[in-house]
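# test case, fold it:
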Amino acid sequence: MIEDDAALARSIAALLRAGGNAVDHVATGEDALAVVSGEPYALVILDVGLPGIDGFTVLETLRRRGERVPVLMLTARDALDDRVRGLDLGADDYLRKPFEPEELEARVRALGRRRGGDPLPMLVVGTLTINRSTGDADIAGRALDLRRRERAVLEALATRAGRVVPRELLIGEVFGFDEPVGGNAIEVHVTRLRGKLAPDGPGIRTVRGVGYMLDAG
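Okay, the predicted model is just below:
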């Protein structure tokens, strides 16, 4: 998230983290260009009215570099020309301030699914079903009681079912860069998930020295 209004940035980050997302925040266009190229983000939330390098220039630079990450632009401007300019530069969606939290969450979910190549809200792996719109998950109708980060780990594995997911990638998707990460944080969440998925859900395999894989079913 690139937003120079500190209070708004805190509220957006809290909202998205409560939904199971890891959120990194910078306040300037310069920092955005330095950070975005180094991380495989699922989504960029970009304010238009940044000090220094504005949001339009950030977006144009990212697209020129070949960055294909979905971008949701936030703006207090109501001019049609501004919205058209952003979309022409490569923005995927536009949200005008002030906005309702529910609308932001819905747009974030939709763009996140687009990044994963699956526009549907329901993710099914064998007997496991995850509703990415609500965050609910169940095994053959048995509801799973998941903590926020457990849900994030499970969704990250489920979207790549049958493939090894590196531990570092899981850390990046579950924790923001300003959040402390214990040495065995991912292992703790995986152990808890195994207990909750058993006995009739897909298993999570450890690939020693690399990461984890959710059985495709």
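# could you list the low-pLDDT ranges of this structure?
Within the chain, the ranges that satisfy pLDDT under 70 run 114-120, 217.
# mind checking how far the helix or strand harbouring Arg85 is from the chain centre?
Applying DSSP states H and E as the criterion places Arg85 in helix 80-89. Relative to the centre of its chain, helix 80-89 is centred 24 Å away, using Cα atoms, centre = their mean, to the nearest Å.
# any residues touching that helix, and which ones?
Outside of helix 80-89, the residues within contact range by Cβ atoms under 8 Å, 6 or more residues apart in numbering are 48, 55-56, 59-60, 63, 73, 75, 94. Glycine gets a C-beta too; all of them are placed from N, C-alpha and C.
# just the buried members of the residues you listed?
Neighbour counting over these (16 or more other Cβ atoms under 10 Å) leaves 48, 55-56, 59-60, 73, 75, 94 as the buried ones.
# got the buried residues for stretch 136-153?
Under the neighbour-count criterion of 16+ other Cβ under 10 Å, stretch 136-153 has 137, 139, 144, 146, 149-153 buried.
# just to be sure, which of those are found in helices?
The helices, defined by DSSP state H, take in 149-153 from these.
# quick one on the thing from earlier: closest to Val207 out of the buried residues of stretch 136-153?
For those, the residue nearest Val207 by Cβ to Cβ is Val153; the value is 15.1 Å.
# residue contacts, the closest one?
So Val153 contacts 170, 174, 186, 189-190, 193 (Cβ under 8 Å, 6+ apart).
# check which element follows the helix holding Arg85 along the chain.
Of the helices and strands lying after helix 80-89 in sequence (DSSP H and E), the nearest is strand 93-96.
# what's the longest helix in the chain?
Counting residues, the longest helix found in the chain (DSSP H) is helix 101-115.
# next, the buried residues of that helix.
Of all the residues in helix 101-115, those buried under the rule 16+ other Cβ under 10 Å are 104-105, 107-113, 115.
# with only the CA atoms kept, save that helix in CSV.
Taking only C-alpha atoms (Å, rounded to 0.1, in the frame of the first residue of the first chain), the coordinates of helix 101-115 have been written out as CSV:
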residue,chain,number,x,y,z
PRO,A,101,-14.6,-0.5,3.9
GLU,A,102,-16.7,-3.3,2.5
GLU,A,103,-16.2,-2.0,-1.0
LEU,A,104,-12.4,-1.8,-0.6
GLU,A,105,-12.4,-5.4,0.8
ALA,A,106,-14.5,-6.7,-2.2
ARG,A,107,-12.2,-5.0,-4.7
VAL,A,108,-9.1,-6.3,-3.0
ARG,A,109,-10.5,-9.9,-3.0
ALA,A,110,-11.5,-9.6,-6.7
LEU,A,111,-8.1,-8.3,-7.8
GLY,A,112,-6.3,-10.8,-5.6
ARG,A,113,-8.1,-13.7,-7.3
ARG,A,114,-7.3,-12.2,-10.7
ARG,A,115,-3.6,-12.3,-9.8
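# and it, what does it pack onto?
On a contact count with 3 or more Cβ pairs under 8 Å, 6 or more residues apart in numbering; DSSP states H and E, helix 101-115 meets helix 6-18, strand 71-75, strand 93-96.
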